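K.L.:
how does the following fold in three dimensions:
(one chain, ligands or ions: 2)
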Amino acid sequence: MHAEHATALPAEAGAVAPAHRVGDGPVASTCQEAVVERRILNHEHREIEHLVGRIEATAEMAGNLAASDLASAVRSLLDAMEKSLLRHIDWEDDHCFPEMDHLAATPWATRLLRIQHEQVRRALEHLEADWRALQTEPALQPESAHRRLVDLRGRLYGLHAQMSSHLEQEEVVVMPFLEAGSGMAGAAPEPRVTSA
Ligand SMILES: [Fe+2]
Ligand SMILES: [Fe+2]
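P.N.:
Numbers count the residues shown, from 1 in each chain. Ligands and ions are numbered 1, 2, ... in the order given. This next block holds a predicted model:
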């Protein structure tokens, strides 16, 4: 992934020298790259799970805080998501998914996950607009302010559901695929089945 993330990886996450990372050259299906990507993915998902919890917590606060306090909470959440979530999905689009498509020998392997990334980017753009709107909250009529808070709350819960589902899909499909790819590049692994 990004050089910053590479250096931040704990030893057990399997940090390797940047020269070995996918993205330093053309996509290559090597065992080492699949292993490294799987470990980075796992490490970063643990961080993003924490963020997903913050999204839900902010949604819960949306009806109880003054506009200025809510604006601060939303800004802090957006900053954290831009720093980790957006960079994570950029890395997946640019390095991890091409590797997976290469292993699967089709660009369709990650198509749905890429579409979900676009949906997340759009959701964050909406939240940016919500945050800007909160700055003018005191000038609004009570009904308009209430409507805006309800909309914001709905978008936050929507993003929470979106991200929870997306992470689960990646952990059920992408991680096992890369894991299997590290030992049998070119052959598609059996999908991991989870109970409902
Ligand atoms: Fe993703
Ligand atoms: Fe991910």
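K.L.:
residue 38 and residue 47: what is the separation?
P.N.:
16 Å (C-beta to C-beta, to the nearest Å). No exception for glycine: its C-beta is placed from N, CA and C like everyone else's.
K.L.:
more crowded one of these two?
P.N.:
It is residue 38, of residue 38 and residue 47, that has more neighbours when counted by other C-beta atoms under 10 Å, with 22 against 14.
K.L.:
what does the protein have sitting close to ligand 1?
P.N.:
Proximity of the chain to ligand 1, by C-beta under 5 Å from the ion, involves residues 89, 92.
K.L.:
switch the cut-off to 6 Å
P.N.:
89, 92, 113, 117, 166, 170 (C-beta under 6 Å from the ion).
K.L.:
low-confidence regions, the chain specifically.
P.N.:
By pLDDT under 70, the weakly predicted segments of the chain are 1-32, 137-144, 182-196.
K.L.:
and the helices in it?
P.N.:
Remark: helices assigned in the chain by DSSP state H are 3-8, 31-61, 67-80, 86-91, 97-104, 111-134, 142-169, 175-181.
K.L.:
who are the packing partners of the last one?
P.N.:
Right, helix 175-181. helix 31-61, helix 97-104 (3 or more C-beta pairs under 8 Å, 6 or more residues apart in numbering; DSSP states H and E).
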